[in-house]
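Undergrad: Here is a sequence with its predicted model. Questions after.
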Amino acid sequence: MSNTPVFPSASLLGYPRIGRRRELKKAIEAFWAGKIDEAALDTAAKEIQLVAARRLSDLGLNEAAAIPGTFSYYDQVLDATTHIGAVPARFGDLRNAAGELDINAYFTLARGTGEQQPLEMTKWFDTNYHYLVPEIGPETNFSLTSNRIVEQFEFAKSNGFITRPYLLGPVTYLLLSKASDGAPAGFSPLSRLEDVLPVYAELLALLAAAGASWVQLDEPALVADQDVPLTEIQAAVARSYEVLTSAAERPAILVSTPFGALSELLPTLAASNIEALHIDAFKGAVPSAQELALLAGKTVVAGVVDGHNIWRNDLAVSAAKLDALKAAGVAVTVSTSTSTQHVPHDVDEETTLSTELRSWLAFADQKVAEVVTLSAHLVDPASSAAAIAEASAVIASRATAAGVQRPEVRARLAALTPASFNRSAFAVREAAQDTALNLPPLPTTTIGSFPQTSEIRSARARANKGVITNGDYEQLMKDEIKRVVNLQEELGFDVLVHGEPERNDMVQYFAENLEGFDVTVHGWVQSYGSRCTRPSILWGDVTREKAITVDWAEYAQSLTNKPMKGMLTGPVTILAWSFVRDDQPLGDTANQVGLALRDEIADLEAAGIKIIQVDEPALRELLPLRRTDQAAYLDWSVNSFRLATAGAVDGTQIHTHLCYSEFGVIIDAIDGLDADVTSIEAARSRMDVVNDLEAHGFGRGVGPGVYDIHSPRVPGQAEVTELLGTAVKHVPARQLWVNPDCGLKTRGYAETEESLRNLVQATREVRAQL
Ligand code: GLN
Ligand code: ZN
């Protein structure tokens with residue numbers, strides 16, 4: 001690079017790409033269903049990009065390269081995969097006649113084919129966004145097989161916007177990859193770095209030729225502890241940016257490092273010839289004077305505005321961070337800590353929320369305004385003094401607003417003692433439960449939800465619109481519960497569920513029924529691909545005004561002599577899938593939710609429910625990215641679950657359910673939950689998890705899933721028998737439960753019935769051999 005262009009004084013790391021009214025979701029799903037063609041999909045995608053660019057420009061991002069080119073049809077990791085040609089061999093050659101991976105190839109990787117499973121999906125750092133995991137082996141051929149990001153840049157440019165193209169950085173790309181099926185044991189995808197870099201260089205040259213002044217290479221993996229040794233990562237970072245900065249034709253390079261402090265890798269990036277480095281100065285700290293000295297000559301893009309949560313920025317605090325950076329003599333500009341793809345578009349759309357609550361919030365568009373205000377502060381503090389003072393005043397008023405601190409909740413938390421978190425010894429509970437429940441060996445059960453049919457969803461929609469009365473709705477749900485109970489009786493299950501028809505979502509349902517929460521109307525965020533969720537807002541002290549699930553559970557229990565499970569969502573999962581207040585430690589908020597659930601459990605017990613399941617599928621999800629932070633997290637998260645459940649009497653059997661099979665680091669924590677029975681996903685990994693359980697000496701009830709509910713495929717009886725055969729070799733039969741991997745909500749009835757029938761028959765077969 002001869003002349004470094006100036007980096008924009010205000011910018012965003014990324015912007016929601018699903019569209020203000022989820023237009024992308026609708027277009028993509030219509031394309032998949034064959035209702036629109038590729039040209040119509042392309043038109044819809046362009047419209048979304050244009051609307052976003054105009055909006056961002058109107059909000060004040062009008063310098064060149066200020067608008068991030070973060071539009072994606074499905075996923076930013078998949079974008080990188082299709083640009084560098086990293087198609088797993090199992091898919092065959094997906095390139096079209098022009099040698100490119102076009103939109104059809106792209107969706108094939110995302111959605112699979114009749115024969116091939118799609119790329120595996122996994123969580124993006126500590127967010128609820130999921131990316132598609134690349135599969136890299138010695139056989140992977142890297143070459144430039146798409147120039148979609150170049151075309152997207154050109155399209156924006158032709159409409160008057162010089163955007164900043166986004167590419168997942170090469171080191172993060174390879175660190176997020178898994179070894180391909182055919183790779184030899186111990187193969188590390190990072191070993192292919194030298195082959196990947198030339199393709200990145202080629203792409204940078206094309207972007208430069210198209211007129212891009214800056215490109216953003218995103219390297220979030222550098223803020224998370226990895227299994228690969230640090231020295232190897234340092235070498236990979238140094239090598240990558242040596243190669244990419246020495247290309248003759250390229251845009252200036254911004255490396256972004258969202259989700260935490262860069263720590264050990266800051267000096268490595270500082271030593272490279274990249275032109276700008278983004279640091280997460282919201283979750284991470286402002287770098288030390290020594291670190292800043294290393295950054296001389298580079299632009300520091302300070303991510304002081306949180307891109308991951310929805311609270312209004314404390315502009316005074318951010319301004320002080322920026323002042324410190326400026327005083328240290330570095331060239332500093334303002335941005336968000338992470339992409340704003342993790343928050344909804346616009347608070348102003350949420351007219352059903354109180355004005356007061358709205359004034360505390362900042363969604364993506366409000367964050368742009370904050371970034372612009374802070375960049376003005378750097379030039380002339382007087383120009384933004386009023387805005388900064390207003391933010392401070394609102395934040396101060398939030399602290400004393402009604403409902404934010406409830407004395408009765410605070411008093412209850414303050415009065416907790418170690419006994420509040422402990423039940424009797426398991427042996428004592430086990431004996432009491434054996435007497436109370438009298439279950440056969442290998443008891444059969446399901447995880448909670450039964451198929452959410454279109455009839456159920458339409459009844460809920462009609463009740464919300466007032467087309468049917470609440471009484472009608474309730475009756476329809478009761479009819480459904482009766483059907484589900486009868487079906488389980490007929491199939492021969494030992495422990496029944498009511499099927500959860502009345503729940504729109506396992507978190508939102510509780511948010512709607514607890515104080516301290518609010519729900520949005522348009523607050524959708526992308527979860528993966530075309531899937532979006534609408535997280536609730538947990539803004540105040542949590543209380544339960546009245547019982548939530550008890551009437552349904554009581555009704556369901558009245559229909560059968562078998563035990564009916566009460567079904568609750570655990571505190572950690574409620575926090576993980578909501579936007580949570582930032583004004584107190586998460587552990588305190590989790591304990592408040594824990595106390596509300598504890599009261600619900602007491603009411604369920606009083607109503608005659610003997611088994612209560614508290615789901616914690618998100619326990620793994622919030623695990624901090626740095627190992628040094630993990631113990632503290634596991635401590636508060638496990639405690640909040642124990643607080644929720646420890647009020648149960650010995651004879652009440654507490655179940656929990658976890659949705660993943662990678663136990664590794666958290667098996668101690670799972671044991672620490674002290675649930676009487678734990679059901680876990682296992683079918684997809686062919687029961688691998690029982691080895692971990694055996695090695696750990698897991699001593700209580702456990703139900704490794706024998707039916708993979710993620711696809712319509714029906715497991716045969718022999719298959720289930722075999723899985724159970726494996727399980728009984730590693731887990732004593734008296735501890736073993738038989739259940740599917742997860743809830744059946746997304747399945748259809750035809751395959752569900754057949755699969756459950758096979759599950760019960762297989763159990764009978766294995767039982768007879770015990
Ligand atoms: N009880 C819930 C259900 O069956 C659990 C869902 C989950 O683990 N994600 O739907
Ligand atoms: Zn699950």
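TA: Now that the structure is in, tell me what you want to look at. Residues are numbered from 1 along each chain as shown. Ligands and ions are numbered 1, 2, ... in the order given.
Undergrad: Look at the residue of the stretch 51-200 of the chain found nearest ligand 1 and say how many residues are nearby.
TA: Nearest residue of the stretch 51-200 of the chain to ligand 1: residue 128, at 12.1 Å (C-beta to the nearest ligand atom). In this view, the C-beta of every residue, glycine as well, is placed from N, C-alpha and C. When neighbours are defined as other C-beta atoms under 10 Å, residue 128 has 20 of them.
Undergrad: Can you find the residue of this protein that comes nearest to ligand 1?
TA: Going by C-beta to the nearest ligand atom, ligand 1 is nearest to residue 743 of the chain, at 2.0 Å.
Undergrad: Contact partners for that residue?
TA: 446, 447, 448, 449, 500, 709 (C-beta atoms under 8 Å, 6 or more residues apart in numbering).
Undergrad: ok, it to residue 446 distance?
TA: Using C-beta to C-beta, to the nearest Å, residue 743 is found at 8 Å from residue 446.
Undergrad: Is any residue of stretch 537-554 near ligand 1?
TA: No: residues of stretch 537-554 are not located near ligand 1 by C-beta under 6 Å from any ligand atom, the shortest gap being 11.4 Å.
Undergrad: how far is that stretch from where the chain is centred?
TA: Centroid separation between stretch 537-554 and its chain, computed with C-alpha atoms, centre = their mean, to the nearest Å, is 24 Å.
Undergrad: now swap in stretch 260-271 and tell me
TA: 26 Å.
Undergrad: touching ligand 1 at all, the helix or strand bottoming out on mean pLDDT in the chain?
TA: In the chain, no helix or strand scores lower on mean pLDDT, DSSP states H and E than strand 121-123, which sits at a mean of 88. No: using C-beta under 6 Å from any ligand atom, strand 121-123 stays clear of ligand 1, coming no nearer than 13.5 Å.
Undergrad: Which neighbours in the sheet does that strand have, and how are they oriented?
TA: The pairing partners recorded for strand 121-123 under DSSP bridges are strand 130-132 (antiparallel).
Undergrad: tell me the SS of the spatially most central residue of the chain?
TA: What sits nearest the mean C-alpha location of the chain, by C-alpha atoms, centre = their mean, is residue 128, with 1.2 Å. Of the three states, residue 128 takes coil under DSSP: H, G, I helix; E, B strand; the rest coil.
Undergrad: wouldn't it be in contact with residue 621 here?
TA: Yes: assessed by C-beta atoms under 8 Å, residue 128 is found in contact with residue 621 at 7.0 Å.
Undergrad: which neighbours do these two share?
TA: In contact with both residue 128 and residue 621: residue 576, using C-beta under 8 Å, 6+ apart.
Undergrad: CA-only coordinates of stretch 534-546, as CSV, when you get a sec.
TA: Backbone C-alpha positions of stretch 534-546 (Å, rounded to 0.1, in the frame of the first residue of the first chain) are rendered in CSV as follows:
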residue,chain,number,x,y,z
ARG,A,534,-37.1,-12.7,19.6
PRO,A,535,-35.3,-12.6,23.0
SER,A,536,-37.2,-11.1,25.9
ILE,A,537,-35.8,-8.2,27.9
LEU,A,538,-35.0,-8.9,31.5
TRP,A,539,-34.7,-5.4,32.9
GLY,A,540,-35.9,-5.5,36.6
ASP,A,541,-36.0,-7.7,39.7
VAL,A,542,-37.7,-10.9,38.9
THR,A,543,-40.8,-12.0,40.8
ARG,A,544,-43.6,-14.5,40.2
GLU,A,545,-47.0,-13.0,41.0
LYS,A,546,-48.8,-16.3,40.5
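Undergrad: May I see the buried residues of that stretch?
TA: The neighbour-count check on stretch 534-546 (16 or more other C-beta atoms under 10 Å) flags 534, 535, 536, 537, 538, 539, 540, 541, 542, 543, 544 as buried.
Undergrad: any idea how far the second one is from residue 577?
TA: It stands for residue 535. Residue 535 is 6 Å from residue 577, where distance means C-beta to C-beta.
Undergrad: which residues touch the residue nearest to the centre of the chain?
TA: Counting by C-beta under 8 Å, 6+ apart, residue 128 touches 342, 525, 527, 533, 535, 576, 577, 621.
Undergrad: so the second one touches residue 344, yeah?
TA: So the one you mean is residue 525. Yes: between residue 525 and residue 344 there is a contact under C-beta under 8 Å: 5.9 Å.
Undergrad: So if I had to pick from these two, which one is more boxed in?
TA: Comparing residue 525 with residue 344 by neighbour count (other C-beta under 10 Å), the higher total belongs to residue 344, at 26 against 23.
Undergrad: Give me the secondary structure label for the nearest residue to residue 311 once chain neighbours are set aside.
TA: Sequence neighbours aside, residue 582 is the residue nearest to residue 311 in space, at 5.0 Å (criterion: C-beta to C-beta, 6 or more residues apart in numbering). Following three-state DSSP, we place residue 582 in the coil state.
Undergrad: Residue 582: how many residues sit nearby?
TA: Counted with other C-beta under 10 Å, the neighbours of residue 582 add up to 14.
Undergrad: Is it in contact with residue 312, as I believe?
TA: No: with contact defined as C-beta under 8 Å, residue 582 does not reach residue 312; the gap is 9.9 Å.
Undergrad: Do you know the pLDDT at the nearest residue to residue 127 once chain neighbours are set aside?
TA: Once flanking residues are discounted, residue 127 sits nearest to residue 342: 5.3 Å by C-beta to C-beta, 6+ apart. Listed pLDDT for residue 342 reads 98.
Undergrad: so what's residue 342 up against?
TA: Taking C-beta under 8 Å, 6+ apart as the criterion, residue 342 is in contact with 127, 128, 129, 307, 308, 525.
Undergrad: of all those, which comes closest to residue 689?
TA: Using C-beta to C-beta, residue 128 comes nearest to residue 689 of those, at 23.1 Å.
Undergrad: Next up, the contacts around the residue nearest to residue 391 when sequence neighbours are not counted.
TA: Of all residues not flanking residue 391 in the chain, residue 315 sits nearest, at 4.2 Å (C-beta to C-beta, 6+ apart). Neighbouring residues of residue 315 by C-beta under 8 Å, 6+ apart: 370, 373, 374, 377, 384, 387, 388, 391, 392.
Undergrad: ok, of the residues you listed, which one's closest to residue 232?
TA: The closest of those, once distances to residue 232 are taken by C-beta to C-beta, is residue 374, at 36.8 Å.
Undergrad: Need the per-residue pLDDT for the closest one.
TA: 98.
Undergrad: Quick check, residue 162 in contact with residue 68.
TA: No: with contact defined as C-beta under 8 Å, residue 162 does not reach residue 68; the gap is 11.8 Å.
Undergrad: Give the residues shared as contacts by the two.
TA: The overlap between the contact sets of residue 162 and residue 68 (C-beta under 8 Å, 6+ apart) is empty.
Undergrad: Compare the two and say which one has the larger neighbour count.
TA: Neighbour count, other C-beta under 10 Å: between residue 162 and residue 68, residue 68 has more, with 28 against 21.
Undergrad: ok, that one - contacts?
TA: 11, 12, 13, 14, 15, 163, 164, 166, 216, 339.
Undergrad: again with residue 310
TA: Each residue near residue 310 by C-beta under 8 Å, 6+ apart is listed here: 343, 344, 347, 361, 362, 363, 537, 579.
Undergrad: Name the nearest of those residues relative to ligand 2.
TA: Closest to ligand 2 out of these is residue 579 (22.0 Å), distances taken as C-beta to the ion.
Undergrad: Around ligand 1, pick out the residues from the protein.
TA: Within the chain, the positions near ligand 1 by C-beta under 6 Å from any ligand atom are 447-449, 500, 506, 567, 615, 617, 657, 659, 742-743, 745.
Undergrad: Take the contacts of residue 315 and keep only those in helices.
TA: 370, 373, 374, 377, 384, 387, 388, 391, 392 (DSSP state H).
Undergrad: Can you redo these as CSV, where the extra columns are distance to residue 666 and neighbour count?
TA: Formatted as CSV, the ones in helices among the contacts of residue 315 follow (distance: C-beta to C-beta, whole Å; neighbours: other C-beta atoms under 10 Å):
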residue, distance to residue 666, neighbour count
370, 36, 23
373, 41, 24
374, 38, 26
377, 42, 23
384, 44, 20
387, 43, 17
388, 42, 20
391, 38, 23
392, 40, 14
